[in-house]
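Participant: This is a predicted model, with the sequence first.
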Amino acid sequence: MKKPKFFDIFQTIERKENAMGMKKLKLWFQKKIHGYEMPDFKKARPLELKPDDRVLLLAPHPDDETIGCGGFLLKYGAQCDVVLLTDGRHGDSAVDPAEMAEIRKREFEDV
C-alpha cells in the first residue's frame, strides 16, 4: 500500500531537521506549504507616517480596516483610502446575505 504524500513530507522533515536546525526547518516547511518563504519580521522597522501622507488600505472584510488599523491611522493622522475585498454578506448566517451586505455597507459609510 502506497503512503500518502503527507507522510512523505514528514519523513523529509525528519531528515532535514537533523541537518538544518529548527529555524531553517520552519522556513523550509513554510516554503513547501505556501510556495514562498515568510518574511523575517525581526528585520521589520516601524512605519513612520505624517499627516499629509496617503495610505491605501486593503481590507478583506468590512470593519477589518477599523479593527486592524484604526488606532494606527488615528495616531499618525494619515489620509486613508480603503479597498474592501468583500462586501461582508457572509458575516452572519442568521441574516439574509443581501441584507447583510447592505448592513455592512451602511456601517462602512458611517465610519
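Facilitator: Done, it's in. Numbering: from 1, shown residues only.
Participant: Pretty sure G88 sits against A59.
Facilitator: No - taking contacts as Cβ atoms under 8 Å, G88 lies outside contact range of A59: 10.1 Å. C-betas here are computed from N, CA, C, even on glycine.
Participant: From the recorded domain assignment, give the ranges for the chain.
Facilitator: Following automatic domain parsing, one finds the domains of the chain at 5-43, 54-110.
Participant: which one of the ones you listed has the lowest average pLDDT?
Facilitator: Mean pLDDT values for those show the minimum at domain 5-43, a mean of 65.
Participant: Give me the residues contacting the helix or strand containing E107.
Facilitator: Per DSSP states H and E, E107 falls inside helix 97-110. Helix 97-110 is contacted from outside by H61, P62, D63, V82, L84, D87, G88, R89, H90, G91, D92, V95, using Cβ atoms under 8 Å, 6 or more residues apart in numbering.
Participant: Need the nearest residue in space to the last one, chain neighbours excluded.
Facilitator: Across the structure, with Cβ to Cβ, 6 or more residues apart in numbering as the measure, the residue nearest V95 apart from its sequence neighbours is I103 (7.2 Å).
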